[in-house]
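make a model of this:
(2 chains)
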Amino acid sequence: MWRSGFFCCREDVSLMIDIKLIRQDPERFKQAARNKRMVCDIDGLCAVDDRRRSLQVEFDELRHKQNEISGQIALYKNPKSKWYQQALAGGRTADELQAEGQKLVEQVAAMKARAKDLEGELREVNERFEALLLTVPQPPADEVPLGEDDTQNVEQRRVGEVPQFAFEPRDHVALMTELGMLDVERGVKLAGTRNYVLRGDGVALHRAVLQLAVDLMVERGYTQLGVPVLVRDAMMVGTGYFPGGEEQAYRCERDGLSLVGTAEVPLTAYHCDEILGEDELPKKYFALSTCFRREAGAAGKDTYGLYRIHLFEKVEQVVICRNDEQTSIAHHAEILGNAEEVLRRLELPYRVVNVCTGDLGQGQVQKFDIETWMPSRGGYGETHSASRFYEYQARRLKLRFRDRDRNLHYCHTLNNTVIASPRVLIALVENHQNADGTIRIPAALRPYLGGREVIGGS
RNA sequence: GGAGAGGUGGCUGAGUGGCUGAAAGCGACGGUUUGCUAAACCGUUGAUCGGUUAAUAAACUGAUCCGGGGGUUCGAAUCCCCCCCUCUCCGCCA
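Next comes the predicted model:
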C-alpha cells in the first residue's frame, strides 16, 4: 500500500529496525514483542533473512559472471576500443571479431534466464522479509516497567497539591458554559460529536495558555517553526503513524495528504532526507499547530466535554540529537522538565507516569506521560506525553548526521507536548474555580489576559 | 485549471548506448610549505546490501544505485512507457 514514491528517496529494506541487531540478538526482540504485547515472528524473520542472503549471494555471483562477459563483448563489438584496434593491427579481421563476440552473446543469453528466475525469487523473499521486519518493535529501555496496559503504568512522582473544595465543585463544561466561554451544543450542531465552540474569555484563556507555553520555549532556547498541518503520506510513514494509524487521521485521499494529529510529524520530519553536521546537533524545535484526530475506535469513550475532541491546538517540542543513548536520555529529561515548568506556572497539580511496556508504541523506547489533576474526573488525566525513539523515526525519515570521523549515523528523535488546549483548560478552570463560579487566573497567566486576576464576576 | 522546463555524489553541475560510480568546480579530510593564520601545491573523499579473513576497529571482494517502477539490449545515467516530485509563465482566488 505504501509505494516507494511516498518516500522522498529510494526505498530499501534497512528501514525500520536494523536487521543486524536482530540477527545478533533475536531473543532481545522476542522479549520486546512479548513485553509490548505485539505479535511478531522473529524466528520466521531470521529464517527469511537467511534465505534472502543466500539467494543474494547466488544472484550476485551470477551477475558477476554476466558482467564479466559483457565486458568482453564490449571489446569485440566496440571498434573504438583500444583492444579492438590492437586486434586489427595484430591481423584479425573485423568479421572474426564480430563472430567471436556473437558467441559470447549467446553464452550470456543462457545465464539471463537463470538470473531472471533468481531475481523473481529474491524479490518475493525480500517482500516477505520486509513485511516481517515492519512488525518488529523497538525494545523498551530497561527502566520501563513491565505491564499490560495503562493501568499498570508506574507513577514516578506527584507535584502540587490537589485542591480541597469547601463547596461542591463544578466541572469545566458547567463552569465555562455558565461564563459564556464554551458552547458545546452548537459545536455539535456545526460539526458533530466531539466538537465545540469557544467563546469570549474561553478563546482568550485558550490563547493565553498557548502563548505562555510558546514564550517558555523561546526562553529555553528552542527554535519556533510554523509548520504545515496537512502533510504528505511519506511524513506520516516516516514518523511511524502509518501504516497502522490511518484510521486516526483525516486523510485527503485524492491529494495523498493527511491532516496531522500533532506537530510532532512536521517537526520531526523537517530534516528528513538530510544529512546534518554533528556540530549542528541537537536541533531543538517547537511549533504551535492545530491538531486533528478522528478518534476512531474511541466511540463512547470520554464523550463528555473538552477531553477527547477532534480539533485542538498544541505546542509541541521535538529534539533531534546524536545517536547516543545517554544524550537521548538527557534530552528526554529536559523536554519533560519543560512541560512540568508549564504546569508549575499554571499552578496545576500533576503526576509523572512511567508508561509500561504494554502501553508503548511500536517505535517508542520509553514514554513519560504527565497527567494533570482534573477534579471532575476525580483523578489525573493525561495532558502530556514525552517519548524517545532512538533512531526508529530517523531511519524511516532518512534523517542522518555525519560525525567528526565523517561516518554517517541515523539521528535520535524525541518529542513531548508543551501544552495542549483546550484539554488543559479542563484542569485549569476546574482547579482554579471559586465558590461563586468564577475562575482564578494564576499569576503567570495574567500578563496574557490583560492583567486580570479572575474570569467571571462583574 | 492551461503551457513549458527539469530531477545526476555533501553541494553546484557535465555527461545521449560499452574501461563512466560517473568530468569539473566547491566543500571536507590527510600531507608539504609556514612564526601563527591565510594562501599555494600534492593526495584522499558517494551510498546501500552482501561475502571472505578478522570478529562489529580494519582489510580485501561482489552486487545494486544517476527521482520511483517497468520495458528494449549481451550491455542503459543515456532509448521507450507509466508514476512521483520540483521549478517557471499564464489564468483564478485569497
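
so what's the most centrally placed residue in chain A up against?
Taking C-alpha atoms, centre = their mean, the centroid of chain A lies closest to A:Thr239, which sits 3.1 Å from it. Listed by C-beta atoms under 8 Å, 6 or more residues apart in numbering, the contact partners of A:Thr239 are A:264-265, A:268-269, A:393, A:396-397. The way it works is simple: take the backbone N, C-alpha and C, and place the C-beta from them, glycine included.

run through the bridge partners of the residue in the stretch 251-400 of chain A positioned nearest to RNA strand B.
The nearest approach of the stretch 251-400 of chain A to RNA strand B comes at A:Ile275, 5.1 Å away (C-beta to the nearest atom of the strand). Beta-bridge pairing for A:Ile275 (DSSP bridges): A:Arg400.

correct me if wrong: it contacts A:Asp403.
No. A:Ile275 is not in contact with A:Asp403 according to C-beta atoms under 8 Å; the separation is 10.9 Å.

what packs against the helix or strand bottoming out on mean pLDDT in chain A?
In chain A, the helix or strand scored least confidently by mean pLDDT, DSSP states H and E is helix A:82-89, which has a mean of 72. The contact analysis (3 or more C-beta pairs under 8 Å, 6 or more residues apart in numbering; DSSP states H and E) places helix A:82-89 against helix A:42-77, helix A:94-134.

list the contacts of A:Glu107.
Rather than Glu, residue A:107 is Gln. Contacts of A:Gln107 by C-beta under 8 Å, 6+ apart are A:Ile69.

kindly report the same for A:Thr413.
A:Thr413 neighbours (C-beta under 8 Å, 6+ apart): A:268, A:318-321, A:388-389, A:391-394, A:399.

related to what we said a few turns ago, ok, which pair from the contacts of A:Thr239 is furthest apart?
Comparing all pairs in these by C-beta to C-beta, the longest separation belongs to A:Glu264 and A:Arg396, at 13.4 Å.

higher neighbour count, the two?
The neighbour count for A:Glu264 versus A:Arg396, taken as other C-beta atoms under 10 Å, is higher for A:Glu264 (27 against 24).

for the closest residue to A:Gly277 other than its chain neighbours, what are its contacts?
Here the nearest residue to A:Gly277 in space, its sequence neighbours aside, is A:Arg402; by C-beta to C-beta, 6 or more residues apart in numbering that works out to 6.2 Å. By C-beta under 8 Å, 6+ apart, A:Arg402 lies in contact with A:275-278, A:408-409.

which one of these is nearest A:Glu96?
Nearest to A:Glu96 among the contacts of A:Arg402 is A:Leu408, at 50.5 Å by C-beta to C-beta.

for the spatially closest residue to the closest one that is not a sequence neighbour, give its distance to A:Leu267.
Once flanking residues are discounted, A:Leu408 sits nearest to A:Arg400: 5.2 Å by C-beta to C-beta, 6+ apart. As judged by C-beta to C-beta, to the nearest Å, A:Arg400 and A:Leu267 stand 17 Å apart.

who's more crowded, the two?
Legend: neighbour count by other C-beta under 10 Å for A:Arg400 and A:Leu267, higher for A:Leu267 (25 against 19).

tell me the contacts of the more buried one?
A:225, A:227, A:285-287, A:316, A:318, A:415.

ramachandran angles for it?
Torsion angles at A:Leu267 (phi, psi; degrees, to the nearest 10) stand at phi -70, psi -50.

need the nearest residue in space to it, chain neighbours excluded.
Nearest non-adjacent residue to A:Leu267 (C-beta to C-beta, 6+ apart): A:Val318, at 4.0 Å.

ditto for A:Ala339
Closest residue to A:Ala339 apart from its sequence neighbours, by C-beta to C-beta, 6+ apart: A:His384 at 4.6 Å.

element containing that neighbour?
strand A:379-390 (DSSP states H and E).

which helices and strands sit right next to that strand?
Against strand A:379-390 (3+ C-beta pairs under 8 Å, 6+ apart) you get helix A:325-345, strand A:350-354, strand A:366-374, strand A:412-421, helix A:423-431.

what's the angle from that strand to helix A:325-345?
Strand A:379-390 and helix A:325-345 meet at an angle of 150 degrees, taking axes from the mean of the first three to the mean of the last three C-alpha atoms, to 10 degrees as the criterion.

so how far is strand A:379-390 from its chain's centroid?
The chain centroid and the centroid of strand A:379-390 are separated by 14 Å under C-alpha atoms, centre = their mean, to the nearest Å.

render the CA-only coordinates of stretch A:319-336 in PDB, please.
Taking Å, rounded to 0.1, in the frame of the first residue of the first chain, the C-alpha atoms of stretch A:319-336 are listed here in PDB:
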ATOM      1  CA  VAL A 319      14.600  17.300  19.700                       C
ATOM      2  CA  ILE A 320      16.900  15.700  17.100                       C
ATOM      3  CA  CYS A 321      20.200  14.700  18.500                       C
ATOM      4  CA  ARG A 322      23.300  12.500  18.100                       C
ATOM      5  CA  ASN A 323      22.900   8.800  18.100                       C
ATOM      6  CA  ASP A 324      23.800   8.200  21.700                       C
ATOM      7  CA  GLU A 325      21.600   6.700  24.400                       C
ATOM      8  CA  GLN A 326      22.900   8.900  27.200                       C
ATOM      9  CA  THR A 327      22.300  12.100  25.100                       C
ATOM     10  CA  SER A 328      18.900  10.900  24.200                       C
ATOM     11  CA  ILE A 329      18.100  10.200  27.900                       C
ATOM     12  CA  ALA A 330      19.300  13.600  28.900                       C
ATOM     13  CA  HIS A 331      17.100  15.400  26.300                       C
ATOM     14  CA  HIS A 332      14.200  13.300  27.400                       C
ATOM     15  CA  ALA A 333      14.600  14.600  30.900                       C
ATOM     16  CA  GLU A 334      14.900  18.100  29.500                       C
ATOM     17  CA  ILE A 335      11.700  18.100  27.500                       C
ATOM     18  CA  LEU A 336       9.900  16.500  30.300                       C
END
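
any residues touching it, and which ones?
Here stretch A:319-336 makes contact (C-beta under 8 Å, 6+ apart) with A:268, A:271, A:276, A:278, A:281-285, A:317, A:352, A:365-366, A:368, A:370, A:386, A:388, A:390-391, A:394, A:399, A:401, A:403, A:409-416.

ok, now with 7 Å
A:271, A:278, A:281-284, A:317, A:368, A:386, A:388, A:390-391, A:399, A:401, A:409-414, A:416 (C-beta atoms under 7 Å, 6 or more residues apart in numbering).

do the same with stretch A:162-172
Contact with stretch A:162-172 is made by A:305-306, A:349, A:373, A:375-376, A:425-426, A:429-431, A:433, A:435, A:437, as judged by C-beta under 7 Å, 6+ apart.
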